[in-house]
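In: the following comprises the amino acid sequence and a computationally predicted model.
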Amino acid sequence: MLRMVAVVGNGDVDPERDATAEAIGAEIAGAGFGLVCGGLGGVMEAACRGAHAVLGPGSGRILALLPGTDRALANPYADIVVPTGLGYARNILVVLSADAVVAIGGGSGTLSEIAHAWQLDRPICAVAGAGGWASELAGKAIDGRRTDCVHRARDAAEVGAWLRATLPPA
């Protein structure tokens with residue numbers, strides 16, 4: 001079974017942060033994992049673009065779970081688009097679809113995805129230096145329910161190494 005990695009983060013465009021997300025998407029695909037995200041712009045689109053550059057069109061390994069009902073709002077790099085109609089409640093589906101979660105930047109929506117991942121015992125890696133909740137939570141435990149911390153990574157190579165160590169081949 002294909003292992004899936006969720007990439008969560010800001011939906012707005014930020015060239016520096018999105019370049020990091022694109023490199024991480026390529027790293028995820030290059031490591032043999034599928035990618036799942038909220039399917040919109042910003043970090044989500046950049047990560048999908050990076051994975052798409054490695055996998056090519058129609059790989060079936062890039063999943064977009066949209067908050068709304070309009071498929072046309074999905075970024076153009078997703079292979080499979082699911083319009084959930086659930087709004088922010090779709091964040092739980094993003095996490096449930098993943099074997100691990102990578103957070104890049106992020107506001108309140110990303111915070112909810114990190115919290116769901118923590119509660120559902122999904123491994124979490126946060127990119128320090130990307131701002132937002134990822135930078136705030138990198139290297140920290142969210143609460144006492146787990147003995148680990150949110151893993152801290154500085155770049156795509158560190159995320160890739162963490163994924164390879166964390167998710168054994170299926």
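Out: The structure has been received and is ready for your questions.
In: any low-confidence regions in the chain?
Out: Applying pLDDT under 70 to the chain flags residues 170.
In: could you rerun that using 80?
Out: 169-170 (pLDDT under 80).
In: in it, which residue sits furthest out from the middle?
Out: G144 (23.7 Å; C-alpha atoms, centre = their mean).
In: shouldn't it be within a helix?
Out: No: applying DSSP: H, G, I helix; E, B strand; the rest coil, one finds G144 to be coil, outside a helix.
In: any idea where the helices of this protein begin and end?
Out: Counting by DSSP state H, the chain has helices at residues 15-30, 43-55, 90-96, 108-119, 132-137, 156-166.
In: among these, which is the most enclosed?
Out: Highest mean neighbour count among these (mean count of other C-beta atoms under 10 Å): helix 43-55, with a mean of 26. Glycine gets a C-beta too; all of them are placed from N, C-alpha and C.
In: show me what it is packed against.
Out: Helix 43-55 sits against strand 4-9, helix 15-30, strand 34-37, strand 62-66, with contacts defined as 3 or more C-beta pairs under 8 Å, 6 or more residues apart in numbering; DSSP states H and E.
In: run the chain-centre distance for it.
Out: The chain centre lies 11 Å from the centre of helix 43-55; the measure is C-alpha atoms, centre = their mean, to the nearest Å.
In: put the alpha carbons of that helix into PDB.
Out: Written as PDB, here are the backbone C-alpha positions of helix 43-55 (Å, rounded to 0.1, in the frame of the first residue of the first chain):
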ATOM      1  CA  VAL A  43       2.000  25.700   0.300                       C
ATOM      2  CA  MET A  44      -0.500  23.100  -0.900                       C
ATOM      3  CA  GLU A  45       0.000  24.000  -4.600                       C
ATOM      4  CA  ALA A  46       3.700  24.400  -4.300                       C
ATOM      5  CA  ALA A  47       4.100  20.900  -2.700                       C
ATOM      6  CA  CYS A  48       1.900  19.400  -5.400                       C
ATOM      7  CA  ARG A  49       3.900  21.100  -8.100                       C
ATOM      8  CA  GLY A  50       7.100  19.700  -6.600                       C
ATOM      9  CA  ALA A  51       5.700  16.200  -6.500                       C
ATOM     10  CA  HIS A  52       4.200  16.500 -10.000                       C
ATOM     11  CA  ALA A  53       7.700  17.600 -11.300                       C
ATOM     12  CA  VAL A  54       9.100  14.300 -10.100                       C
ATOM     13  CA  LEU A  55       6.100  12.000 -10.800                       C
END
